[in-house]
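**Q** Make a model of this:
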Amino acid sequence: MSTFLAGFSLGLSLIFAIGSQNAFVLKQGLKNQYVFIICLVCALSDAIFISFGVAGFGVIVNKYPEVETIARYGGAIFLTVYGLLSFKSAFTKDHALVAGEQSSGSLIKSVLTCLAFTWLNPHVYLDTVVLLGSISTQYQPHEFYFGLGAVTASFVFFFSLGYGARFLALLFKRPNAWKVLEFAVGIIMLSIALSLVMMA
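**A** The predicted structure is shown next:
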């Protein structure tokens, strides 16, 4: 259960930041347009990336054990920087999300747009395949549960964002709500980074 929760918490932290993909899901939710399909496309895409990362890194580490050490400290450094940037954003920025106007489109157009936001975003590969894949090696031989936790986090997040869009849009128009969110993400990131170093 602890391995599942570690994957869930890290996966949720990595996708919390509002980027182009999440903003698109939010807008679709606000318009109540193809919400289920759009959320499903995002979550399944994440599941593919995460599964590839967990499975691929497991094979590599078995063959080259030194990769595990590099991955552990590399992941800890990345998470520390990510966490510190979240703290900086929480204390220095006043930003709020305002969903822009977007004309209605067909289901195919909406899905293709969603796929572009997902599969053409280099940060998605870094977060899911590289980062989650490398960190999963710390939980061998139970890395499957770590990956399952991260996949579950994606499904929970995207469907919550899509169907809770109206509530979230009102909430995150307030800069203070973003400050709390950024601070929470920073805490989670630094906690996981510390746990990786302590595993040595």
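
**Q** ok, and what's touching the helix or strand encompassing T3?
**A** Using DSSP states H and E, T3 maps to helix 2-16. With C-beta atoms under 8 Å, 6 or more residues apart in numbering as the test, helix 2-16 has contacts from 22, 46, 50, 127-128, 131-132, 135-136, 139, 142-143, 145-154, 156-158, 181, 185, 188-189, 192, 195. (C-beta placed from N, C-alpha, C; glycine too.)

**Q** Lowest mean pLDDT among the helices and strands, pick that one out for this protein.
**A** helix 122-124 (a mean of 73; mean pLDDT, DSSP states H and E).

**Q** Following element in sequence after it, please.
**A** Downstream of helix 122-124, the first helix or strand assigned by DSSP H and E is helix 133-136.

**Q** if we can go back for a sec, would you mind giving me the PyMOL syntax to select the buried ones in the contacts of helix 2-16?
**A** If you want just the buried ones from the contacts of helix 2-16 in PyMOL, going by 16 or more other C-beta atoms under 10 Å, the selection is:
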select buried, resi 22+46+50+127+128+131+132+135+136+139+143+145+146+147+148+149+150+151+152+153+154+157+158+181+185+188+189+192
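
**Q** So which of the contacts of helix 2-16 are in helices?
**A** 22, 46, 50, 135-136, 143, 145-154, 156-158, 181, 185, 188-189, 192, 195 (DSSP state H).

**Q** ok, now which ones touch the residue with the largest distance to the centre of the chain?
**A** The outermost residue of the chain, judged against the average C-alpha position, is K63 (28.3 Å), by C-alpha atoms, centre = their mean. By C-beta under 8 Å, 6+ apart, K63 lies in contact with nothing.

**Q** In terms of pLDDT, where does it sit?
**A** For K63, the pLDDT comes out at 77.

**Q** State the distance from A165 to D127.
**A** Per C-beta to C-beta, to the nearest Å, A165 is found 22 Å from D127.

**Q** likewise I192?
**A** With distances taken as C-beta to C-beta, I192 is found 13 Å from D127.

**Q** go on, A90?
**A** A90 is 20 Å from D127, by C-beta to C-beta.
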